[in-house]
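[1] attaching a predicted model along with its sequence, questions to come.
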Amino acid sequence: MADQISLVLVVFTVAVALLHFIHRWWNNHGGRKRSNNEENQEARLPPGSTGWPLIGESFSFYRSVTNNHPRKFIDDREKRYNSDIFVSHLFGRRVVVSADPQFNKFVLQNEGRLFKAQYHESFKALIGNYGIVSVHGDLHRKLHGIAVNLLRFERLRVDFMEEIQSLVHSTLDRWAEMKDIALQNECHQMVLNLMAKQLLDLSPSKETTEICGLFVDYTNAMISIPIKIPGSTYAKGIKARQLLIRKISEMIKERRNHPQVLHNDLLAKLLEEGSLSDEIICDFILVLLFAGHETSSRALTFAIKFLTYCPEAVKQMQKEHDAILKIKGVHKKLEWEDYKSMKFTQCVINETLRLGNFSLAISREATKDITVKDYLISKGWMILVFSAATHLRESSYNEAFIFNPWRWEPDQDVSNNVLFTPFGGGPRLCPGYHLAKLELALFLHIFVTRFRWEALGNDRTSYFPLPYLTEGFPIRLHCRQ
Ligand code: HEM
């Protein structure tokens, strides 16, 4: 027995020593030295570690972003290296992680010149050849311009204001009957219905529920291990993409065959444009559907979650919105001026976007060698623009982990705030920026004027791969009056 224990101890010690040796060798040779630069340039890489072979520092990163504290990964390394730009190795790639707001802004502004959005082939297979997020150059400029134009202020004012309110009201009628709802799922379906209506003129029906189901598979595949074997999450996502593209493509054919039937939606405007092929339109619509509902629906859920634990903010919201209702009358739809008058609501929205971090980090690839703070980032390196780190930095936001909408009262105009970038920046700045804020404001108006509510149980936040509440945030609704 003693012999066996000794043998186990020896094997264990040798294994630990071996792993330690591999770890050191990887950091000294594997991770750093594979840069295409000479020795003197290597020395100027940002500080950092490429962690363990293959897995790198993925586990520490994963633990941090799934544990309610997405800054921990950054905090630990900032302390260790005394730098907010450092090297790491995440999910199979060596990366430069940046929590430096000025450098982050520089990276996003220089998209297409010094950096480019670059995604793995498996992701591109889901997005399509012409999905706006993965195209570059002239085609990107054209598609981005079309998206900005389709979602600009004037369009929102005319085409979206009324529709959003009707859909939110009819959804909340249903919620009022249900009383207990799983808010996260419900918001997901509601925002998908909104996008389906605005993009494809589809009213809530069996078809939109089916599309929502396909989107679950599609979204899961975006964040899965990309193995395309029958039954795998990734394979299901590819299948969902095919079905979704087929649906959009059939709608395009139908519209081309029956031009006399008029539709007031974004697909109609894309067809009027006349310069895009059907394949481009299909990929474009699919990405808009995806980008437009995955982020906004989470923002709606988180806004209610944050408010739930901040009764003072709920009181102030109700005061603001009850006053608007009193002037308008209960049955009249809100107009643009009413939306613009929601001052405290804008603070709640900013704070929700800051604390919710619906786009935790944005990745880019360096297309040239770049020097920053005396560090050299070589061409081909991936850069992780960690906007959440800036949003949750104590030195920028006092008690950064506390929901405090009043912090935005002195300065609600965030357009030039380099510390606050929930919608990214530069040539890929989110074109749905204004729509998302409008959806949030109108939803909050209708929700707080119609309901009081309470949370049913405790929920935990995970930020990976997209922020979500682990229990789906079940709530009980009570009609006000
Ligand atoms: C709270 C809601 C939203 C947040 C936090 C958000 C965030 C972002 C961010 C950070 C980016 C930049 C990604 C990058 O630089 O790689 C982006 C891009 C994009 N967003 Fe949004 N978004 C939201 C809502 C929407 C909505 C409602 C739509 C459309 C209906 C939309 C459509 C897009 C599109 C098409 C892109 C790609 C732009 C490009 O690559 O040129 N987003 N979004």
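    The structure has been received and is ready for your questions. Here the structure is a predicted model, which means the values were calculated and not measured.
[2] tally of neighbours for the closest residue to the ligand within the stretch 201-350 of the chain?
    Taking Cβ to the nearest ligand atom, the ligand has its nearest neighbour within the stretch 201-350 of the chain at Gly292, 2.9 Å off. The C-beta positions use only the backbone N, C-alpha and C, and glycine is treated the same way. As a burial measure, Gly292 scores 26 neighbours (other Cβ atoms under 10 Å).
[3] what does the one 5 residues further on give?
    Ser297 is flanked by 23 other residues according to other Cβ under 10 Å.
[4] equivalent analysis for the one 5 residues further on, please.
    Around Phe302 there are 25 other residues, counting by other Cβ under 10 Å.
[5] gap between the closest residue in space to Glu162 that isn't next to it in sequence and Ile324?
    Closest residue to Glu162 apart from its sequence neighbours, by Cβ to Cβ, 6 or more residues apart in numbering: Lys333 at 5.7 Å. Using Cβ to Cβ, to the nearest Å, Lys333 is found at 12 Å from Ile324.
[6] between these two, which is the more surrounded one?
    The neighbour comparison of Lys333 against Ile324 (other Cβ under 10 Å) goes to Ile324, with 16 against 13.
[7] who's in contact with that one?
    By Cβ atoms under 8 Å, 6 or more residues apart in numbering, the contact set of Ile324 is Leu334, Asp338, Ser341, Met342, His445.
[8] kindly recompute the last result at 6 Å.
    By Cβ atoms under 6 Å, 6 or more residues apart in numbering, the contact set of Ile324 is Asp338.
[9] do the same with Ser122
    With Cβ under 6 Å, 6+ apart, Ser122 has these contacts: Pro226.
[10] can you tell me the helix or strand for it?
    helix 121-127 (DSSP states H and E).
[11] only the buried residues of that helix, if you could.
    Ser122, Phe123, Ala125, Leu126, Ile127 (16 or more other Cβ atoms under 10 Å).
[12] quick one: name whatever helix or strand follows that helix.
    Helix 121-127 is succeeded, C-terminally, by helix 137-150 (DSSP H and E).
[13] only alpha carbons, please: show that next one as PDB.
    Provided in PDB are the C-alpha atoms of helix 137-150 (Å, rounded to 0.1, in the frame of the first residue of the first chain):
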ATOM      1  CA  GLY A 137     -14.200  48.000 -47.900                       C
ATOM      2  CA  ASP A 138     -16.700  49.500 -50.400                       C
ATOM      3  CA  LEU A 139     -19.400  46.900 -49.800                       C
ATOM      4  CA  HIS A 140     -19.200  47.500 -46.000                       C
ATOM      5  CA  ARG A 141     -19.400  51.300 -46.500                       C
ATOM      6  CA  LYS A 142     -22.500  50.800 -48.800                       C
ATOM      7  CA  LEU A 143     -24.300  48.400 -46.500                       C
ATOM      8  CA  HIS A 144     -23.500  50.400 -43.400                       C
ATOM      9  CA  GLY A 145     -24.800  53.600 -45.100                       C
ATOM     10  CA  ILE A 146     -28.000  51.800 -46.100                       C
ATOM     11  CA  ALA A 147     -28.500  50.600 -42.500                       C
ATOM     12  CA  VAL A 148     -27.900  54.100 -41.100                       C
ATOM     13  CA  ASN A 149     -30.300  55.600 -43.600                       C
ATOM     14  CA  LEU A 150     -33.000  53.000 -42.900                       C
END
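[14] ok, whichever helix or strand comes after that helix near the ligand or not?
    Per DSSP H and E, the first helix or strand lying C-terminal to helix 137-150 is helix 153-155. No. Counting by Cβ under 6 Å from any ligand atom, the ligand is not contacted by helix 153-155; separation bottoms out at 11.4 Å.
[15] pLDDT on helix 153-155, on average?
    Mean pLDDT, computed over helix 153-155, is 85.
[16] include pLDDT and distance to Lys116 when you put the buried residues of helix 121-127 into TSV, please.
    Below are those laid out as TSV (pLDDT from 0 to 100; distance: Cβ to Cβ, whole Å):
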residue	pLDDT	distance to Lys116
Ser122	90	18
Phe123	90	14
Ala125	94	19
Leu126	94	19
Ile127	94	15
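[17] for the stretch 351-481 of the chain, what lies in contact range of the ligand?
    Checking the stretch 351-481 of the chain against the ligand by Cβ under 6 Å from any ligand atom, the hits are Phe358, Ser359, Ile362, Pro422, Phe423, Gly424, Arg428, Cys430, Pro431, Gly432, Leu435, Ala436.
[18] which residues touch the residue in the chain positioned nearest to the ligand?
    Residue nearest to the ligand within the chain: Gly432 (2.1 Å; Cβ to the nearest ligand atom). Gly432 is in contact with Leu151, Gly292, counting by Cβ under 6 Å, 6+ apart.
[19] mind redoing it with 10 Å?
    147-148, 150-151, 195, 288, 291-293, 295-296, 423, 438-439 (Cβ atoms under 10 Å, 6 or more residues apart in numbering).
[20] farthest pair within those residues?
    Val148 and His293 (18.7 Å; Cβ to Cβ).
[21] is any residue of the helix holding Ser122 near the ligand?
    No. Using Cβ under 6 Å from any ligand atom, helix 121-127 stays clear of the ligand, coming no nearer than 10.3 Å.
[22] ok, now how distant is Ser58 from Leu477?
    40 Å.
[23] which bits of the chain sit near the ligand?
    117, 132-133, 144, 147, 287-288, 291-292, 295-296, 299, 358-359, 362, 422-424, 428, 430-432, 435-436.
[24] among the residues you listed, which lie within helices?
    If you go by DSSP state H, these have His144, Ala147, Val287, Leu288, Ala291, Gly292, Thr295, Ser296, Ala299, Leu435, Ala436 in helices.
[25] dump the residues you listed to JSON lines, plus pLDDT.
    As requested, those are exported to JSON lines (pLDDT from 0 to 100):
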{"residue": "His144", "pLDDT": "96"}
{"residue": "Ala147", "pLDDT": "93"}
{"residue": "Val287", "pLDDT": "93"}
{"residue": "Leu288", "pLDDT": "93"}
{"residue": "Ala291", "pLDDT": "91"}
{"residue": "Gly292", "pLDDT": "90"}
{"residue": "Thr295", "pLDDT": "92"}
{"residue": "Ser296", "pLDDT": "95"}
{"residue": "Ala299", "pLDDT": "97"}
{"residue": "Leu435", "pLDDT": "96"}
{"residue": "Ala436", "pLDDT": "97"}
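[26] what sits against the nearest residue to Leu267 once chain neighbours are set aside?
    Once flanking residues are discounted, Leu267 sits nearest to Leu200: 5.4 Å by Cβ to Cβ, 6+ apart. Counting by Cβ under 10 Å, 6+ apart, Leu200 touches 207-208, 211, 247-248, 251, 263, 265-268, 285, 288-289.
[27] quick check on the residues you listed: which are buried?
    Buried among the contacts of Leu200 by 16+ other Cβ under 10 Å: Thr208, Ile211, Lys247, Ile248, Met251, Asp265, Leu266, Leu267, Ala268, Ile285, Leu288, Leu289.
[28] include secondary structure and distance to Glu351 when you put those into TSV, please.
    Compiled in TSV, the buried ones among the contacts of Leu200 are given as follows (DSSP: H, G, I helix; E, B strand; the rest coil; distance: Cβ to Cβ, whole Å):
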residue	secondary structure	distance to Glu351
Thr208	helix	31
Ile211	helix	32
Lys247	helix	37
Ile248	helix	36
Met251	helix	39
Asp265	coil	32
Leu266	helix	30
Leu267	helix	35
Ala268	helix	36
Ile285	helix	32
Leu288	helix	27
Leu289	helix	27
